[in-house]
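J.: sequence and predicted structure, then a few things I'm wondering about:
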Amino acid sequence: MILISACLAGLNVRYNGTNSLDEKIQKLVLEKKAVTVCPELMGGFSTPREPAEIIGGNGQDVLDGNATVVESSGRDVTDLYLKGAYATLQKALEVGATHVILKEYSPSCGSAKIYNGAFNGTKLAGEGVTTALLRRNNIVVLSEENFFE
C-alpha cells in the first residue's frame, strides 16, 4: 500500500484551500492502490490556514527540538506539525505502507526541498517534519516530482 498527500489526489486541503492534483497519483487512489493523508489536518489544522515554514533548520531539526515551525504571523505551530507527523506514521504502519508520496516544499511533506523560513519564496535543500519522521522509521518517502509508477 502507498500513502499519498491528499492534495496530490485532488483534495482541497492545502493551506490556501486548493489542491495540487497529479492525475497519475490520483489514479492510484481511484484504483485502491493508495490511501490519502494530510499531516496538517491530522495534526489539528483546518483549511484554509496560514502558511508556515520551518525556522532554524529542517524536519530532522524539528524532531530533535532544534528548530520550530512558525506561521507567517509568527505563531509557533511546531506541536501541531509534530502531532500530524506522528499520526501519519501511525497511519503508514496501520496500512503497511512501503512508500509514501508527499507534496514537495511543504514544512510537513517536503522530501528534498523546503522553504527557507523567511516567507520570501526561497527554497533550500531539506525535508519536512513528516518526511523526517517517516524516514527515521525506514519508510521510503518520495515527492510527486520523483515518483514514477
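T.: The structure has been received and is ready for your questions.
J.: how much space between the closest residue to Val70 other than its chain neighbours and Val62?
T.: When the adjacent residues along the chain are set aside, Val70 lies closest to Ile55, with 5.1 Å between them (CB to CB, 6 or more residues apart in numbering). (C-beta placed from N, C-alpha, C; glycine too.) Noted for Ile55: a distance of 9 Å to Val62, by CB to CB, to the nearest Å.
J.: how far away is the residue located most distally from the centre of the chain from Ser106?
T.: Taking CA atoms, centre = their mean as the measure, the residue most remote from the mean C-alpha position of the chain is Glu31, 22.4 Å away. For Glu31, the distance to Ser106 equals 25 Å [CB to CB].
J.: output stretch 27-42 as PDB, nothing but the C-alphas.
T.: This file holds the C-alpha atoms of stretch 27-42, laid out as PDB (Å, rounded to 0.1, in the frame of the first residue of the first chain):
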ATOM      1  CA  LYS A  27      -5.200   7.200 -10.300                       C
ATOM      2  CA  LEU A  28      -3.500   5.100  -7.600                       C
ATOM      3  CA  VAL A  29      -6.200   6.200  -5.100                       C
ATOM      4  CA  LEU A  30      -9.000   5.500  -7.500                       C
ATOM      5  CA  GLU A  31      -7.600   2.100  -8.200                       C
ATOM      6  CA  LYS A  32      -7.400   1.500  -4.400                       C
ATOM      7  CA  LYS A  33      -3.600   1.100  -4.600                       C
ATOM      8  CA  ALA A  34      -3.100   4.100  -2.300                       C
ATOM      9  CA  VAL A  35      -4.800   6.000   0.500                       C
ATOM     10  CA  THR A  36      -4.600   9.700   1.200                       C
ATOM     11  CA  VAL A  37      -3.300  11.500   4.300                       C
ATOM     12  CA  CYS A  38      -2.900  15.200   5.100                       C
ATOM     13  CA  PRO A  39      -0.400  15.600   8.000                       C
ATOM     14  CA  GLU A  40      -1.500  19.100   8.700                       C
ATOM     15  CA  LEU A  41      -5.200  18.200   9.000                       C
ATOM     16  CA  MET A  42      -4.200  15.200  11.100                       C
END
